[in-house]
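A.B. asks: Pasted the sequence and its predicted model underneath.
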Amino acid sequence: MIDRLTDVLDSLLMLMEEETRHLQESPFGAALPELAATKVRLVGQLEQMTAAYGRSTVDWNRSLDEAQRARLEELLARLEPISAANAAALERQIDLSVEMIGAITSEAKRLAGRATSTYGAQGHLSRFDPTMPIAINSSY
């Protein structure tokens, strides 16, 4: 059973490295949705397996032989730096997306020219710039 857990964890680590590489090379690549869906599936399997191990045997991690323990420790030690790099790449991707949507919104406002200015009763100038509806196609 532990071999299946280490296989899933190893697959997750390789997938996260690949996703990070894709995000750094081409942040809006066509492979990203598939990579993300696969990562979600692997994380779900990992959570299900660790929960099942915890229910079936309280100290399942103590029952591992030396080779299994060493392999699991090696994979878990790799998990932190790979996860940190993946999180940084994903954060950069989100920031790029937010900036792009902001630029599109600003350009749409500029092109629409719907901004208005009104003088108030006390001589104050108030400016109204309605938000343009922006629809982004969900495909890459």
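C.D. replies: Noted; the coordinates are in hand. All values reported here derive from a predicted model rather than from experimental measurement.
A.B. asks: if you skip the residues just before and after it, what's nearest to Leu9?
C.D. replies: Leu75 (4.7 Å; Cβ to Cβ, 6 or more residues apart in numbering). (Each C-beta comes from the backbone N, C-alpha and C, glycine too.)
A.B. asks: For that neighbour, the count of nearby residues, please.
C.D. replies: Number of residues near Leu75 (other Cβ atoms under 10 Å) recorded here: 18.
A.B. asks: Against Ala103, how distant is it?
C.D. replies: Here Leu75 is placed at a distance of 41 Å from Ala103 (Cβ to Cβ, to the nearest Å).
A.B. asks: Then Thr38?
C.D. replies: Counting by Cβ to Cβ, the separation of Thr38 from Ala103 is 31 Å.
A.B. asks: got it, and Leu76?
C.D. replies: Applying Cβ to Cβ, one obtains 41 Å for the distance of Leu76 from Ala103.
A.B. asks: And Val40, by the same measure?
C.D. replies: Counting by Cβ to Cβ, the gap from Val40 to Ala103 is 30 Å.
A.B. asks: secondary structure class for Arg71?
C.D. replies: Reducing the assignment at Arg71 to three states with DSSP: H, G, I helix; E, B strand; the rest coil gives helix.
A.B. asks: dump the residue contacts of it.
C.D. replies: Arg71 is in contact with Thr6, counting by Cβ atoms under 8 Å, 6 or more residues apart in numbering.
A.B. asks: And the pLDDT for it?
C.D. replies: At Arg71, the pLDDT value in this model is 94.
A.B. asks: Not counting sequence-adjacent ones, nearest residue to Leu96?
C.D. replies: Spatial nearest neighbour of Leu96, excluding adjacent residues (Cβ to Cβ, 6+ apart): Pro27 at 5.6 Å.
A.B. asks: Many thanks, I have nothing further to ask.
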